[in-house]
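>>> missing the sequence, but the structure's below:
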C-alpha cells in the first residue's frame, strides 16, 4: 500500500512551502532575483537548506515559482482595473495607472519581474505572462474599436504594444521613485494616445 | 621580450573570428540561440571545436557577441531612418517601419534578438541596447515636442515606451510572416498616435 499523507501533514507542508515562498519573495523585494539563493531563503525562513530543497529542486525552480506568484497578483490587479465600471478609455487609463503605481510601490520587485537578467526558465514565464496581459488589453481594445470609441487598429497588436510600452517605460523611472506620479500620468497619457481614444466621455 | 604577432597573423585571426561569427549568426537565423552551440559553429565553419574555443571562452560569450553584432546592425538601420530628411512624424514612421520590415526579413533572428529566453549575459546586452534605441527615439521626440509638432510628453518615457511597444508587438506576428505589411503599417500608426502627432505635414 502506498504511503498516504494525513490531511494534517499535507496542511503542514503547504504552510511550510508558502512560508518559504514568502521568505523568497521578501529577498527579491530587497535585492532582485540576484539576492535569491537557497541558502538565503533558508536563513530568512529560519530552516535548514535541506528543508528548502524538499520543496524546490533548485534555485531556478524557486525563482520561477516566486516570479509566477508575484506576477499573478499583478495580472489580477490590472484585470480588476480593466473590469471597472466606466468607458473603455477610463478602464485603460486605470489599468496603466494601476500597473505603474504598483510597480512604484515595490520598485525592486517590479524591476526583477519585468527585466532583471535571470535564468531562461523565468524568461519563459515572462513571455507567457506578457501574453496573459496582452489578452486582457486586447479584449478591451477590441470592445473600444467595435463601439467606435477607439480608432481602427489591430487589437492584438495594440495590446501587445501597450504591454511592451508599460514594461519598458518604467525601467528607468523605477530607479527614481520620486518621479512616481509624473511618470504614472505620462504613461497613462501615452497609452490613451496610442490606442486612439476618439470619445473620452 | 614578449611575443608579438606579425600583422599577417593578426589579420588571419580577425578573419577567422569573423568567419566563426558569421557561421554562428547563420545558426541563430535558422534556429535561434537554442541552435547555437560550439560544436554546431565548428561544423558550420568547417573547423574543430578547439578552434572555436580559441576565440570564445564558452557558448555564452559567443552568443553575446552574435547578439551584439546583429543588434548593432539593427540599431544603425533605425538610426538612419531617424536621420532621414523629413518631419519628425515622417522620421518616426520610417524608424518604426524599418524596425518591423527588417524583423520580418529575418523573423527567427528578430525573435532571438528580442525575446528568446537565453543566458543572463545576453539579457544584460538586451537591456543595454534597448537604452541605445531609446536614446535615439528620445532625441527625435524631444525635437518634436520643442517644435510643437508633437503633444507635450516626457520624451525619455515615450521613447522607452515606443521601444518596448515595437519589440513586444512583433513577437506574435513574427510567427506569421504573411502579415508583414499589415503589421508594419499598424505598428507605425500605433507609434505615431502614441507620440501625439499634431502636425503631420
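Yes, it's here. For clarity, every value in this text was computed on a predicted model and none was experimentally measured.

>>> how much space separates the residue positioned nearest the centre of chain A from residue B:71?
Closest residue to the average C-alpha location of chain A: residue A:71 at 3.1 Å, with Cα atoms, centre = their mean. Per Cβ to Cβ, to the nearest Å, residue A:71 is found 27 Å from residue B:71. Every residue, glycine included, has its C-beta placed from N, CA and C.

>>> what do you get for residue A:50?
Taking Cβ to Cβ, one finds residue A:50 at 43 Å from residue B:71.

>>> same check, this time on residue A:148
Residue A:148 is 41 Å from residue B:71, by Cβ to Cβ.

>>> then residue A:66?
Taken as Cβ to Cβ, the span from residue A:66 to residue B:71 is 30 Å.

>>> next, the closest residue to residue A:35 other than its chain neighbours: phi, psi?
Counting by Cβ to Cβ, 6 or more residues apart in numbering or on different chains, residue A:27 is the residue found nearest to residue A:35 once chain neighbours are left out, at 4.8 Å. Per-residue torsions, residue A:27: phi -70, psi -40 (degrees, to the nearest 10).

>>> and the pLDDT at residue A:84?
Listed pLDDT for residue A:84 reads 96.

>>> and what about it, helix, strand or coil?
Of the three states, residue A:84 takes coil according to DSSP: H, G, I helix; E, B strand; the rest coil.

>>> contact partners for it?
A:90-91, A:94 (Cβ atoms under 8 Å, 6 or more residues apart in numbering or on different chains).

>>> gap between stretch A:90-105 and the chain center?
Mean C-alpha position of stretch A:90-105 versus that of the full chain (Cα atoms, centre = their mean, to the nearest Å) differs by 12 Å.

>>> list the buried residues of that stretch.
A:90-100, A:102-104 (16 or more other Cβ atoms under 10 Å in any protein chain shown).

>>> check stretch A:39-52 too.
For stretch A:39-52, a neighbour-count test (16+ other Cβ under 10 Å) marks A:40-42, A:44-45, A:47, A:51-52 as buried.

>>> stretch A:176-194 too?
A:179-180, A:183-184, A:186-194.

>>> name the residues of stretch A:192-201 that are buried.
Those would be A:192-197, for stretch A:192-201 by 16+ other Cβ under 10 Å.

>>> of those, closest to chain B?
Here the nearest of the buried residues of stretch A:192-201 to chain B, counting by Cβ to the nearest Cβ, is residue A:194; it sits at 3.7 Å.

>>> ok, residue A:173 - contacts?
Contacts of residue A:173 (Cβ under 8 Å, 6+ apart): A:104, A:179-180, A:183, B:157.

>>> and it, what pLDDT?
93.

>>> next: the one 4 residues further on.
Looking at residue A:177, its pLDDT reads 77.

>>> which residues sit in contact with it?
By Cβ under 8 Å, 6+ apart, the neighbours of residue A:177 are A:104, A:107.

>>> how near is it to residue A:170?
Relative to residue A:170, and taking Cβ to Cβ, residue A:177 is found at 11 Å.

>>> any idea which element residue A:60 lies in?
Taking DSSP states H and E as the definition, residue A:60 sits inside helix A:59-82.

>>> leaving out sequence neighbours, find the closest residue to residue A:93.
residue A:188 (5.0 Å).

>>> could you verify my assumption that that neighbour touches residue A:99?
No: with contact defined as Cβ atoms under 8 Å, residue A:188 does not reach residue A:99; the gap is 9.5 Å.
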